[in-house]
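Student: prediction below, plus the sequence it came from.
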Amino acid sequence: EPEVTQTPSHQVTQMGQEVILRCVPISNHLYFYWYRQILGQKVEFLVSFYNNEISEKSEIFDDQFSVERPDGSNFTLKIRSTKLEDSAMYFCASSPGTRLTGELFFGEGSRLTVL
Amino acid sequence: QKEVEQNSGPLSVPEGAIASLNCTYSDRGSQSFFWYRQYSGKSPELIMFIYSNGDKEDGRFTAQLNKASQYVSLLIRDSQPSDSATYLCAVIGNQFYFGTGTSLTVIP
């Protein structure tokens, strides 16, 4: 069964360092998303991506964040200069259809720890 | 103003009982509603979606939607210990909003 894969599963970094989280969405899906979940808190929307551009982003997704689809398969989230409060689980998700009908298929997540 | 609200719980029910999970949302224009289950340390997985007012049944799960009241619920019949997880209500408005989740424990 196709699945969304994320790497790394866990990354530890120093405050101020750049981090790139990688995702391989399901191959025939059109919509891609990043969410984060701070420990014990809710799943928060960061950004959605469609047709090689950002379609929506939340107020969390500030200039420190960027997304890219560098080739036909990978979808990356970059955090330019990490802060302590960026420590969270980051989930990538993809969806085959439009926002209104699409089930989100989540990857297993990348846990980011900023020291 | 919170887009999606859920009781955080924890909700405890005995095995075999009905678990009732509730969710309210603020965006009256929302059209699609989802229930996801999240085991501790794992990613959310879809249980059910509902678009129309009324009930939708899938096995032991029933989703109920009342757009006039901006309310969506999930009933789990014959609850099993494996149903113990956090249940996330998700609503599609301008974005795909998740509630904070309700923690459910099914006691054997």
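Tutor: That came through, no problem.
Student: stretch B:101-108 near chain A at all?
Tutor: Yes: using CB under 8 Å from any CB of the partner chain, stretch B:101-108 comes into contact with chain A via residue B:101. Just so you know, the C-beta spots here come from the backbone N, C-alpha and C atoms, and that holds for glycine as well.
Student: and the least confident helix or strand in chain B by mean pLDDT, what does it pack onto?
Tutor: Using mean pLDDT, DSSP states H and E, the weakest-scoring helix or strand in chain B turns out to be strand B:96-98, at a mean of 82. Strand B:96-98 sits against strand A:43-50, strand B:85-92, with contacts defined as 3 or more CB pairs under 8 Å, 6 or more residues apart in numbering or on different chains; DSSP states H and E.
Student: okay but residue B:8 is in contact with residue B:89, surely?
Tutor: No: applying CB atoms under 8 Å as the test, residue B:8 and residue B:89 come out as separate, 11.8 Å apart.
Student: between those two, tell me which one has more neighbours.
Tutor: When residue B:8 and residue B:89 are compared for neighbours, residue B:89 comes out ahead with 26 against 14, by other CB atoms under 10 Å in any protein chain shown.
Student: who does the more buried one bridge with?
Tutor: Beta-bridge pairing for residue B:89 (DSSP bridges): residue B:35.
Student: please apply the same query to residue A:5.
Tutor: Beta-bridge partners, per DSSP bridges, of residue A:5: residue A:24.
Student: got a pLDDT number for it?
Tutor: Note on residue A:5: pLDDT of 96.
Student: give the burial count for it, as a bare number.
Tutor: 14.
Student: repeat that for residue B:27.
Tutor: Per other CB under 10 Å, the neighbour tally for residue B:27 reads 16.
Student: so who does the most centrally placed residue in chain A touch?
Tutor: Of all residues in chain A, the one closest to the mean position by CA atoms, centre = their mean is residue A:34, 3.0 Å from it. Going by CB atoms under 8 Å, 6 or more residues apart in numbering or on different chains, residue A:34 touches A:21, A:23, A:46, A:47, A:67, A:77, A:90, A:91, A:92, A:93.
Student: for residue B:7, same thing?
Tutor: Listed by CB under 8 Å, 6+ apart, the contact set of residue B:7 reads B:22, B:102.
Student: so how far is chain A from it?
Tutor: Residue B:7 sits 13 Å away from chain A, going by CB to the nearest CB, to the nearest Å.
Student: may I have the phi/psi pair for that residue?
Tutor: Backbone torsions for residue B:7, taken as degrees, to the nearest 10, come to phi -70, psi 130.
Student: returning to that earlier point: residues contacting the least confident helix or strand of chain B, please?
Tutor: Here strand B:96-98 has contacts from A:33, A:35, A:42-45, A:48, A:99, A:104, B:3-4, B:25, B:27, B:36, B:44, B:88-91, using CB under 8 Å, 6+ apart.
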